[in-house]
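S.K.: Predicted coordinates and the sequence they were generated for:
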Amino acid sequence: MGIGVSNHRLARAVARAGALGVVSGTAIDTVLVRRLQLGDESGEMRRALSHFPWPTVAERIVERYYIPGGKPVDRPFRLLPLPNANMARSRIELLVAANFVEVFLAKDGHDGLVGINYLEKIQVPTLPSLLGAILGNVDVVLMGAGIPLSIPGALDRLARFEAAEIRHQVEQTDALQSFSLRFDPGQYFEPKPLTLQRPAFLAIVSSHVIAKTLARKANGKVDGFVIEDHTAGGHNAPPRKARHAEPQAGPAFGPADIPDLAAFRALGIPFWIAGSAASAAKLEGALLQGAAGVQLGSAFAFCEESGILPELKRNVIAHSRAGGRGLRIVTDFEASPTGYPFKRLEYDADPQHLQALRGRERVCDLGYLRRAYARDGGLAYRCPGEPTATYLMKGGQLDDTTHKLCLCNQLLATIGLGQVRASGNELPLLTAGEDLSQIVPFTELGSDSFTAERVLNVITGRTSSETTDLRPGAGTARSGDRRPRLSSDMG
């Protein structure tokens with residue numbers, strides 16, 4: 001869940017270098033309005049908005065959120081209304097425009113491929129977000145953290161500017177209750193765009209069983225799979241078999257969690273391998289095992305173009321060059337309100353940081369990870385990371401709140417968009433894959449930084465990368481084909 005880490009600048013650099021550049025779509029509406037409130041110094045946000053198909057919508061967004069010269073450093077960011085199933089028109093418009101802006105900027109000035117990543121767990125913004133990305137001419141949509149059976153069909157309909165619907169996951173429902181989220185672009189935007197392209201859809205999975213389910217039961221075409229193992233950063237799939245590394249320890253991953261690549265090959269659908277894949281040997285090995293390529297996250301997360309604050313990147317790179325001493329990647333089974341394991345990066349030199357993250361005053365003012373639950377025939381929302389008393393009042397269980405972090409606020413702080421609070425400003429939270437030692441070869445002697453192009457050059461052994469066309473109907477990697485097959489993603 002790399003909010004704003006894999007931003008338009010990084011995705012553009014990767015795409016220009018010949019691979020698939022992927023932007024994170026998570027909380028991108030908040031990212032846009034906070035960039036505007038900081039003064040949009042580069043002017044990129046307003047320039048992209050000037051290309052939005054409906055100018056009056058873009059003008060309203062700029063008028064509402066843009067602060068010339070930026071807000072005072074001690075003033076809080078203006079908040080958006082919390083996302084829910086019945087959002088106001090202005091909130092829907094902003095979601096569409098924000099996704100358009102990020103994709104538009106990622107695709108600006110080159111003819112490379114750009115994708116966008118979403119989480120199945122974050123459902124309420126999904127349909128308007130997909131439309132915005134399609135309007136920006138996104139080439140690929142990637143989605144993980146669930147089983148996105150209804151997304152391929154939604155892409156089909158939204159690309160025709162038709163109403164789309166997805167099943168809304170709601171807790172505490174009985175067998176007679178079902179909920180859905182429906183979005184009709186024609187109710188919000190006119191005139192209808194002349195032509196829109198349906199992007200390819202890649203599902204991020206860890207098991208061939210889920211992949212087979214998607215291939216057979218999805219309501220549209222699944223164009224490929226990203227196979228992400230438990231060494232990848234961000235959220236991981238839970239262990240398939242509960243086991244314990246030592247007495248009283250939490251669950252751990254084992255042999256059952258190793259993806260069965262033979263089973264993936266048998267599906268006959270292109271797949272990419274993710275998790276500790278940032279090396280020439282891993283790329284070559286992936287191709288030899290029938291993959292179309294690899295997905296890189298942590299390598300690009302700490303390059304110059306990523307959205308992580310420069311001082312945080314330099315610190316991680318310095319520790320990595322020193323052999324990783326004092327640097328740990330922890331699989332935290334309690335941190336994420338989603339319930340999924342989440343990778344945290346820790347420093348021995350800062351043992352109080354986790355305590356400070358957990359000890360923040362509980363405030364849920366962004367709400368992306370809230371879960372819907374049934375109440376009085378309708379819907380309400382709650383988050384295990386919100387104030388405990390509030391969560392319990394909404395029928396939540398106390399155990400669900402233990403050591404929960406506010407990923408929404410803390411990941412925004414990681415990219416310099418953290419909220420200013422009287423009780424203490426939000427602190428950054430870093431996530432990364434387990435093998436951070438892989439970033440060392442990307443730093444040249446005497447340097448404390450590296451570029452996205454440098455990552456691709458080291459992995460491919462070339463000065464530039466070739467591309468793979470992932471659009472529907474395009475060719476895929478053949479057995480024996482050794483052309484580089486790379487994508488960036490921190491989703």
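M.R.: Cool, got the structure. Residues are numbered from 1 along each chain as shown.

S.K.: Residue 262: which element?
M.R.: With the criterion set as DSSP states H and E, the secondary-structure element containing residue 262 is helix 261-267.

S.K.: do you know how far the residue nearest to residue 279 when sequence neighbours are not counted is from residue 276?
M.R.: In space, residue 279 comes closest to residue 438 once its chain neighbours are excluded; the distance is 5.8 Å by CB to CB, 6 or more residues apart in numbering. All C-beta atoms are positioned from the backbone trio N, CA, C, and that covers glycine. Per CB to CB, to the nearest Å, residue 438 is found 7 Å from residue 276.

S.K.: cool, residue 76 as well?
M.R.: Distance, residue 76 to residue 276, by CB to CB: 39 Å.

S.K.: neighbour-wise, which of the two wins?
M.R.: Neighbours per residue (other CB atoms under 10 Å) separate residue 76 from residue 276, with residue 276 holding more: 22 against 14.

S.K.: what's the model's confidence in the helix or strand hosting residue 56, averaged?
M.R.: Under the criterion of DSSP H and E, residue 56 resides in helix 55-65. The predicted model assigns helix 55-65 a mean pLDDT of 98.

S.K.: Please pull up the helix or strand immediately following it.
M.R.: Following helix 55-65 in sequence order, the next helix or strand is helix 89-107 (DSSP H and E).

S.K.: Run through this structure and note the low-pLDDT ranges.
M.R.: Counting by pLDDT under 70, the ranges of the chain that qualify are 1, 175-176, 241-251, 324, 349, 445, 462-491.

S.K.: Residues in contact with the helix holding residue 262: which ones?
M.R.: Helix 261-267 is touched from outside by 208, 211, 212, 215, 225, 227, 271, 273, 289, 290, 291, with contacts defined as CB atoms under 8 Å, 6 or more residues apart in numbering.

S.K.: Go through the residues you listed and flag which are in strands.
M.R.: For the contacts of helix 261-267, the ones inside strands are 225, 227, 271, 273, with DSSP state E as the criterion.

S.K.: Could you check how far stretch 42-51 is from the centre of its chain?
M.R.: A distance of 22 Å separates the C-alpha centroid of stretch 42-51 from that of its chain, computed with CA atoms, centre = their mean, to the nearest Å.

S.K.: same thing with stretch 75-90?
M.R.: In terms of CA atoms, centre = their mean, the gap separating the centre of stretch 75-90 from the centre of its chain is 20 Å.

S.K.: who's in contact with residue 8?
M.R.: Neighbour list for residue 8: 23, 44, 101, 102, 103, 104, 105, 106, 108 [criterion: CB under 8 Å, 6+ apart].

S.K.: Grab the nearest non-local neighbour of the last one.
M.R.: The spatially closest residue to residue 108, leaving aside those adjacent along the chain, is residue 12, at 6.6 Å (CB to CB, 6+ apart).

S.K.: Repeat that for residue 424.
M.R.: Using CB to CB, 6+ apart and skipping residues adjacent in sequence, the residue nearest residue 424 is residue 360, 7.0 Å away.

S.K.: And for the one you found, the neighbour number?
M.R.: The local packing of residue 360 (other CB under 10 Å) involves 18 other residues.

S.K.: separation between it and residue 325?
M.R.: From residue 360 across to residue 325, the span is 28 Å (CB to CB).
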